[in-house]
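Trainee: mind folding the following:
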Amino acid sequence: MSQTNMLAMILAGGRGSRLHELTSKVAKPAVSYGGKYRIIDFPLSNCANSGIDVVGVLTQYESVLLNSYVAAGGRWGLDTRDSGVFVLTPREKADEGLDVYRGTADAISQNIDFIDTYDPEYLLVLSGDHIYKMNYAKMLDYHKANKADATIAVIGVPMKEASRFGIMNTDETGRIVEFEEKPANPKSNLASMGIYIFNWKLMRKMLLDDMKNPNSSHDFGKDFIPVMLNNGKALYAYEFKGYWKDVGTIDSLWEANMDLLDDKNELNLSDHSWKIYTEDSSSIPQYIGADAKIHRAYITQGAVVKGEVHNSVLFTNSTVEAGAKVIDTVLMPGAVVEEGAVVTRALVADGVRIGRNAVVGSADSENILLVAKRVKGEE
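Mentor: As a prediction, this is how the structure comes out:
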């Protein structure tokens, strides 16, 4: 085991249905972000940077691409003799005919044998679809200092938005005294980030008990946290201060990409002290044409710009042809905007081509337009 004696399990099996066509063929954690990354790069890089060297990634829906991507553990430095990233899929339950995880806790229950192989003292459970940088070793230090049975990472959200989250109410020491799932009248703004540290021996026993409970939804938030509080276990809130984004919708994914245009963005993908590792790209450097006009843009290697780009993010191998305009837009890998086309307030999916002189999106639209299919233009 690692120097932290903590094993990580990343829950990467969500459908991501609110991302619509982006997740029709790939799992949400495999969706592209930030020019050249995938969402799963963030929790995996956080594990590598935190000194955690054994990571299980629990996949489920549309997982072929994600499984092959994660299996190359060397991207995150997690493929040495004593470390690894392991893809874990649901086992078929013969008695129920299921081959899916029934809840966040069930995903861990089905992999108890894998965890026992490493005999960790602590178990770190993470969501695989959030964008953030966090030192889990510091969270573990906090867990140990409080002699906690469980520690839950929380982030302060605007009070008016607190009712959308699971809210932790704490005393002055940070100990959790009450958990409320999406309360109508929240008492605090400390929202659960879906990041947990458990003492493994206790959690193992609870998982085995939960598997026998026909009334359980097998979920950490709905079942385990309330039971632990009712039983007087020591649960503490670890307050995270930094950039964190749940990219569960087209608008939030667009926003997270657009945040990269801010010079003061806390995520700072150029920070070499906490590097976000990803697949090596063989793309050539970006090409900016002689007549191109660019104002406030995040342009990744391999991108080609011959037209105009305003307040936009261009992923690897995307193209803006001469006379085209891209405004307040995210072009994902391989997207092409042909000559004379105008794209405004949109997220253009991987490999999608917008035809010559086509007009897509509107500056006045309330929501971001997802362009997931080819848009025909003038022939």
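Trainee: ends of stretch 71-85, how far apart?
Mentor: Between the opening and closing residues of stretch 71-85 there is a gap of 7 Å (CA to CA, to the nearest Å).
Trainee: likewise stretch 224-241?
Mentor: Start to finish, the residues bounding stretch 224-241 are 25 Å apart (CA to CA).
Trainee: same question for stretch 269-286.
Mentor: OK, stretch 269-286 end separation, CA to CA: 18 Å.
Trainee: cool, stretch 312-331 as well?
Mentor: 8 Å.
Trainee: so what touches stretch 352-367?
Mentor: Stretch 352-367 is contacted from outside by 250-251, 327-329, 332, 335-346, 348, 369, 371-379, using CB atoms under 8 Å, 6 or more residues apart in numbering. Glycine gets a C-beta too; all of them are placed from N, C-alpha and C.
Trainee: with stretch 152-166 instead?
Mentor: For stretch 152-166, the surrounding residues in contact (CB under 8 Å, 6+ apart) are 134, 139, 168, 176, 179-186, 188-196, 221, 225, 235-241, 244.
Trainee: can I get that stretch as CSV, trimmed to CA atoms?
Mentor: Provided in CSV are the C-alpha atoms of stretch 152-166 (Å, rounded to 0.1, in the frame of the first residue of the first chain):
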residue,chain,number,x,y,z
ILE,A,152,-16.7,14.2,4.1
ALA,A,153,-15.4,16.9,1.9
VAL,A,154,-17.7,19.9,1.7
ILE,A,155,-17.6,23.2,-0.2
GLY,A,156,-19.4,26.4,0.7
VAL,A,157,-22.1,27.2,-1.9
PRO,A,158,-24.3,30.3,-2.1
MET,A,159,-27.1,30.0,0.4
LYS,A,160,-29.7,30.4,-2.3
GLU,A,161,-28.4,27.3,-4.0
ALA,A,162,-27.9,25.1,-0.9
SER,A,163,-31.2,23.4,-1.3
ARG,A,164,-29.8,21.6,-4.5
PHE,A,165,-27.2,19.7,-2.4
GLY,A,166,-26.7,17.4,0.4
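Trainee: buried residues in it?
Mentor: With burial defined by 16 or more other CB atoms under 10 Å, the residues of stretch 152-166 counted as buried are 152-155, 157, 162, 165-166.
Trainee: show me those residues that map onto strands.
Mentor: 152-155, 166 (DSSP state E).
Trainee: make TSV out of those and add distance to residue 122 and pLDDT.
Mentor: Rendered in TSV, the data for those read as follows (distance: CB to CB, whole Å; pLDDT from 0 to 100):
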residue	distance to residue 122	pLDDT
152	14	98
153	14	98
154	18	97
155	21	96
166	22	92
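Trainee: closest one of those residues to residue 261?
Mentor: Residue 261 lies nearest to residue 155 out of those, by CB to CB, at 22.3 Å.
Trainee: run a quick neighbour tally on the residue nearest to the closest one when sequence neighbours are not counted.
Mentor: The shortest distance from residue 155 to any residue other than its chain neighbours is 5.0 Å, reached at residue 240 (CB to CB, 6 or more residues apart in numbering). Close neighbours of residue 240, defined as other CB atoms under 10 Å, add up to 19.
Trainee: what sits against residue 240?
Mentor: The contact partners of residue 240, taken as CB under 8 Å, 6+ apart, are 132, 134, 153-155, 193.
Trainee: got these as TSV, with distance to residue 285 columns?
Mentor: Below are the contacts of residue 240 laid out as TSV (distance: CB to CB, whole Å):
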residue	distance to residue 285
132	29
134	31
153	38
154	41
155	37
193	36
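Trainee: quick one: which of the residues you listed is nearest residue 297?
Mentor: In terms of CB to CB, no member of those lies closer to residue 297 than residue 132, at 23.7 Å.
Trainee: surely the closest one touches residue 245?
Mentor: Yes - the pair formed by residue 132 and residue 245 meets the contact definition of CB atoms under 8 Å, at 6.9 Å.
Trainee: neighbours of residue 205, just the number please.
Mentor: Using other CB under 10 Å, residue 205 is surrounded by 10 other residues.
Trainee: can you verify it is assigned to a helix?
Mentor: Yes - counting by DSSP: H, G, I helix; E, B strand; the rest coil, one finds residue 205 located in a helix.
Trainee: what bridges to residue 12?
Mentor: With DSSP bridges applied, the residues forming beta bridges to residue 12 are residue 59.
Trainee: after the worst-scoring helix or strand of the chain on mean pLDDT, which helix or strand is next?
Mentor: Ranked by mean pLDDT, DSSP states H and E, the helix or strand of the chain with the weakest confidence is helix 64-71, at a mean of 80. Per DSSP states H and E, helix 64-71 leads on to strand 84-88 as the next helix or strand towards the C-terminus.
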